[in-house]
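Asks: for reference, the sequence and a predicted model appear below.
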Amino acid sequence: MLTFTLLFWTSLLWGLFPPAAAFAREVDLELVLAVDVSRSMSAEELELQRRGYAEALGSPEVIKAIEGGLLGRIALTYLEWAGAGSQRVIVPWTEISDATQAGAVALRIGSYYDASLRRTSISSALRYSARSIETNGFEGMRRVIDISGDGPNNMGIPVAAARDEVVARGITINGLPLMTEDILSEMWGIPDLDLYYTRCVIGGAGAFVVPVLTWDAFPAAVKRKMVLEIASAPAAPPIGAQLFKAQEKAPYDCLVGEKMWKQNRTYFDIP
């Protein structure tokens with residue numbers, strides 16, 4: 001009798017107050033665009049980066065990929081990150097199903113400007129993005145964090161641990177390592193950043209890396225990468241760039257950034 005009573009009231013309460021997930025808006029994809037704005041990025045590079053994402057999002061190719069999904073809509077947020085605890089949301093979670101909505105988000109990204117932040121914590125950005133996905137009011141068939149950066153993790157928990165934690169929650173991580181040449185990237189970056197991202201940062205179903213070697217190639221690489229993520233079929237490399245899929249259990253020192261920071265912090269006070 002007690003069991004029956006409990007089941008009755010549980011069913012009644014479920015009907016009156018269904019869980020939050022029951023109200024979630026279904027979409028084809030929940031996509032976090034997590035963009036590095038650490039101080040190793042110059043003001044010009046920050047502007048090029050924002051314009052590149054805005055251009056990609058408003059492109060016919062990306063719109064076609066969105067409209068071609070099963071539901072024909074995605075949910076997207078654009079955030080900038082640097083050190084541990086340094087994340088700022090530029091575009092909150094927004095549904096996009098057509099060119100008008102995409103254009104509005106692109107305009108918001110392109111018109112925003114703020115100074116760079118300190119240090120580089122890929123691990124904190126990944127964990128922040130995962131929490132954002134799980135509390136955004138959307139329910140995606142796929143969940144992806146698209147993270148870009150010009151250097152290895154040097155703050156927060158080890159990046160491989162954060163990756164494993166996020167992937168275990170059913171979220172895919174794709175990477176856009178920025179391997180452009182300048183004084184700060186030479187000082188604080190590593191020459192094989194694409195390999196670092198492949199072996200230490202990305203993970204999950206269909207995860208891949210698209211390295212960017214020059215800023216001229218950045219807009220096209222971002223556009224192609226977003227198309228692949230939205231269409232969930234990373235079959236061909238972006239034009240002008242290679243595509244690397246995740247490699248598991250490959251030997252690599254994923255603490256290279258932390259070691260570099262300890263070695264250089266005596267001489268410099270920049271991320």
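Replies: Yes, it's here.
Asks: rest of the way, CA atoms for contacts and neighbours
Replies: OK.
Asks: from start to finish, how long is stretch 68-82 in a straight line?
Replies: 34 Å (CA to CA, to the nearest Å).
Asks: for that stretch, list every residue counted as buried.
Replies: Gly69, Gly72, Arg73, Ile74, Ala75, Leu76, Thr77, Tyr78, Leu79, Glu80, Trp81, Ala82 (16 or more other CA atoms under 10 Å).
Asks: over to stretch 94-111?
Replies: Buried residues in stretch 94-111 (16+ other CA under 10 Å): 94-99, 102-103, 105-107, 109-110.
Asks: residues near the closest residue to Met155 other than its chain neighbours, how many?
Replies: Closest residue in space to Met155, ignoring its immediate chain neighbours: Ser121 at 4.8 Å, by CA to CA, 6 or more residues apart in numbering. Counted with other CA atoms under 10 Å, the neighbours of Ser121 add up to 30.
Asks: secondary structure element for Ala34?
Replies: Counting by DSSP states H and E, the element that carries Ala34 is strand 25-36.
Asks: mind exporting that strand as CSV, just the C-alpha atoms?
Replies: Output of strand 25-36 as CSV, limited to C-alpha atoms (Å, rounded to 0.1, in the frame of the first residue of the first chain):
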residue,chain,number,x,y,z
ARG,A,25,14.2,23.1,-26.6
GLU,A,26,15.4,20.4,-28.9
VAL,A,27,18.0,21.3,-31.4
ASP,A,28,20.3,19.4,-33.8
LEU,A,29,23.5,20.7,-32.1
GLU,A,30,24.6,22.6,-29.0
LEU,A,31,27.8,24.4,-30.0
VAL,A,32,30.2,26.4,-27.8
LEU,A,33,32.6,28.7,-29.7
ALA,A,34,35.3,29.1,-27.0
VAL,A,35,37.8,31.7,-28.2
ASP,A,36,41.3,32.4,-26.8
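Asks: and the strands in the stretch 51-200 of the chain?
Replies: Ranges of strands in the stretch 51-200 of the chain, per DSSP state E, counting those that start in this stretch, are 74-81, 87-96, 138-149, 172-177.
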